[in-house]
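Visitor: next one to model:
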Amino acid sequence: MDVTLLDGGMGQELIARSGKPAAPRWSLQVMLDNPGLVADVHKAYADVGATVATTNSYAIHRDRLRGADTNHYAGTGHHLPDIEHQFPELLETAVTEAQAVRSRSRVAGSIGPLGASYRSDLHPSVEDSIPLYAEIVKTLAPSVDLMLFETVASLTAAKACLAAGRQADKPVWLAFTVSDEDGTRLRSGEPLADAAEIAKGADAALVNCSIPEVIPAALDVLAAAGVPTGAYANGFEKIAQAFIDGGSTVEALSARQDLSPEAYAAHAMRWLDHGATIIGGCCEVGPAHIAELHRRLIEKGHKVV
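Guide: So this is what the prediction gives:
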């Protein structure tokens, strides 16, 4: 079987390589402070067999670049200056860093959620969010191979992402984040089955940034979309309520100690039995995990494409 092997997480890998603590915007600031570091991470994943490089543009949204008075991190003690003027520069830099592996990998233009990850209550209406997503789509599209909307937590977000993604002539992949207790529900609490209906208009439907154990149930639901499906789980113990409620950084999340490359690969290989043809890793899943996953895919006779 042909299997597309995504890369792994970018943010935690940047923290490890930069030696700097997690903070709001750390994954963006590192591109300004440490040019080439993001490219090094892309190379690390390509070197172990990943066939898709995901741009470091997940958090490049105008609402996240504004000052602390308009940002949901206000009051956490973090100083957040208004850097919205750097919006075009950051997008350009994210694309440029990904070009380091263009000869070996397709490039996926990453677009994370407006408002904050997992916070469906902070997401704007469909009408208000379409142009905000579309601005990023139109900027990234000339330099990427596909548009990857990540951590889609609600039906509102799914509708807006799909509509915005269709404003460029590139494949649109929707990656949904589901409850860590019930893989058949979005983080918003809405049925994933309703998201699968929306995903019928996409080119692929995936699950991301959820624990590995709930992925099979989610994939079974997404099969109804009738498009290629896939998954890339995170390596967190659980998405902490403090993080979901806002006013926290990734420091509020703890990495699992039982998710070695071997353990993660065992989970991911089972996703193939649930119809997945696109697999990879999200937060806390690094190059060693992707290397082991690539090894097992080849060992089982799959073709990594």
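Visitor: what is the rounded mean pLDDT of stretch 271-279?
Guide: Per-residue pLDDT values over stretch 271-279 give a mean of 98.
Visitor: and the end-to-end length of that stretch?
Guide: Using CA to CA, to the nearest Å, the span of stretch 271-279 from its first residue to its last is 8 Å.
Visitor: and it, how far out from the chain middle?
Guide: Centroid separation for stretch 271-279 versus its chain: 17 Å, with CA atoms, centre = their mean, to the nearest Å.
Visitor: can you give me the buried ones in it?
Guide: Along stretch 271-279, the positions that meet the burial threshold by neighbour count (16 or more other CB atoms under 10 Å) are 271-272, 274, 276-279. C-beta: built from backbone N, CA, C; applies to glycine.
Visitor: farthest pair in these?
Guide: Distance extremes for the buried residues of stretch 271-279: the farthest pair is 274 and 278 at 12.2 Å, using CB to CB.
Visitor: follow-up on the earlier one: among the buried residues of stretch 271-279, which lie within helices?
Guide: Helix and strand membership here follows DSSP state H; of the buried residues of stretch 271-279, those in helices are 271-272.
Visitor: return the closest of the buried residues of stretch 271-279 with respect to residue 172.
Guide: Relative to residue 172, the closest of the buried residues of stretch 271-279 is residue 278; by CB to CB it sits at 13.5 Å.
Visitor: so what's the closest one bridging to?
Guide: On DSSP bridges, the residues paired with residue 278 through beta bridges are residue 4, residue 230.
Visitor: any idea how far residue 131 is from it?
Guide: Spatial separation of residue 278 from residue 131 under the definition CB to CB, to the nearest Å is 28 Å.
Visitor: contact partners for residue 293?
Guide: 5, 261, 264-265, 268-269, 279-281 (CB atoms under 8 Å, 6 or more residues apart in numbering).
Visitor: just the buried ones from these?
Guide: The neighbour-count test (16+ other CB under 10 Å) applied to the contacts of residue 293 identifies 5, 261, 264-265, 268-269, 279-281 as buried.
Visitor: the nearest residue to residue 58 once chain neighbours are set aside: how many residues sit nearby?
Guide: The shortest distance from residue 58 to any residue other than its chain neighbours is 3.8 Å, reached at residue 112 (CB to CB, 6 or more residues apart in numbering). By other CB atoms under 10 Å, the residues close to residue 112 number 21.
Visitor: so who does residue 112 touch?
Guide: If you count contacts by CB under 8 Å, 6+ apart, then residue 112 has 58-59, 61, 150-151 around it.
Visitor: what's the neighbour count on residue 167?
Guide: By the criterion of other CB under 10 Å, residue 167 has 17 neighbours.
Visitor: got it, and residue 181?
Guide: The tally of other residues near residue 181 (other CB under 10 Å) stands at 9.
Visitor: grab the nearest non-local neighbour of it.
Guide: Closest residue to residue 181 apart from its sequence neighbours, by CB to CB, 6+ apart: residue 214 at 7.7 Å.
Visitor: contacting residues for residue 106?
Guide: Contacts were defined as CB under 8 Å, 6+ apart; by that measure residue 106 touches 51-53, 145-146.
Visitor: again, only this time at 6 Å
Guide: With contacts defined as CB atoms under 6 Å, 6 or more residues apart in numbering, residue 106 is in contact with 52, 145.
Visitor: likewise residue 129?
Guide: With contact set as CB under 6 Å, 6+ apart, residue 129 has these partners: 114, 160.
Visitor: helix or strand: which one has it?
Guide: Using DSSP states H and E, residue 129 falls within helix 126-140.
Visitor: residue 92 too?
Guide: Applying DSSP H and E as the criterion places residue 92 in helix 87-98.
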